[in-house]
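> Let's see this in three dimensions:
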Amino acid sequence: MDIALGESPKHGKKASGIGNDKLTKYTWVADSGASCHMVNDASDMFDVPRINESIKFGDGKLLRSTQIGKIRRTVRHKDGSTLKVTLEAKYVPDLWVNLFSLTRAMMGGGQLGNKGLVITMSKNNKTIKFDKIFNTKNGYVGGVDICPTQQSQNVGTFRWTRATKFV
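Below you'll find the predicted structure:
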């Protein structure tokens, strides 16, 4: 299976080869070509002005973004560790997978790195690990589950927003 923005594998489908992880509706793919974070579910967004913007993807396809706002979610790593994050993202209803903009996070003070095949984004001694590995035709892409946050969780917090403040 080749994961590309023009394709839409079903959630729960396993990739073959080096990665054997499941794609879920909460999976975010690490994307070095995205200029902002993008989501396909706006149900938990706040501070949400409506917008009407076309976004051009690497395959030339145009998708429409209708809102931009903030979301509070919990990163869930495969080892069971969690991290609470606040992200500013564009809502793109027809997007088949959520995109985590590595360059946007770097603009907010994040440090890009890796541990083997796992892409990492660190800030103030907290690290998001893109530890879900999805095999592609010519390599792989990294992802992580970033799920709706429950108020009762007590975990560290990143803020990857324009304010770039650590909360």
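
> use CA for all of it now, contacts and neighbours both
Will do.

> From residue 115, how far out is the closest residue to residue 39 other than its chain neighbours?
Excluding the flanking residues, the one nearest residue 39 by C-alpha to C-alpha, 6 or more residues apart in numbering is residue 98, at 4.6 Å. Separation of residue 98 from residue 115 (C-alpha to C-alpha, to the nearest Å): 22 Å.

> and what of residue 30?
The value you get for residue 30 to residue 115, if C-alpha to C-alpha is used, is 14 Å.

> Between those two, which has more neighbouring residues?
Per other C-alpha atoms under 10 Å, whichever of residue 30 and residue 115 has more neighbours is residue 30, with 23 against 10.

> Distance of that one relative to residue 36?
11 Å.

> try residue 89
Distance from residue 89 to residue 36, by C-alpha to C-alpha: 7 Å.

> Give me the common contacts of residue 30 and residue 36.
Common contacts of residue 30 and residue 36 (C-alpha atoms under 8 Å, 6 or more residues apart in numbering): 100, 101.

> Just want to know which of residue 89 and residue 36 has more residues nearby.
residue 89 (25 against 18).

> which element is the more buried one on?
Residue 89 belongs to strand 82-91 when elements are defined using DSSP states H and E.

> Just after that strand, pick out the following helix or strand.
Scanning onward from strand 82-91 (DSSP H and E), the first element met is strand 98-101.

> For that following strand, what is the distance to the chain centroid?
3 Å (C-alpha atoms, centre = their mean, to the nearest Å).
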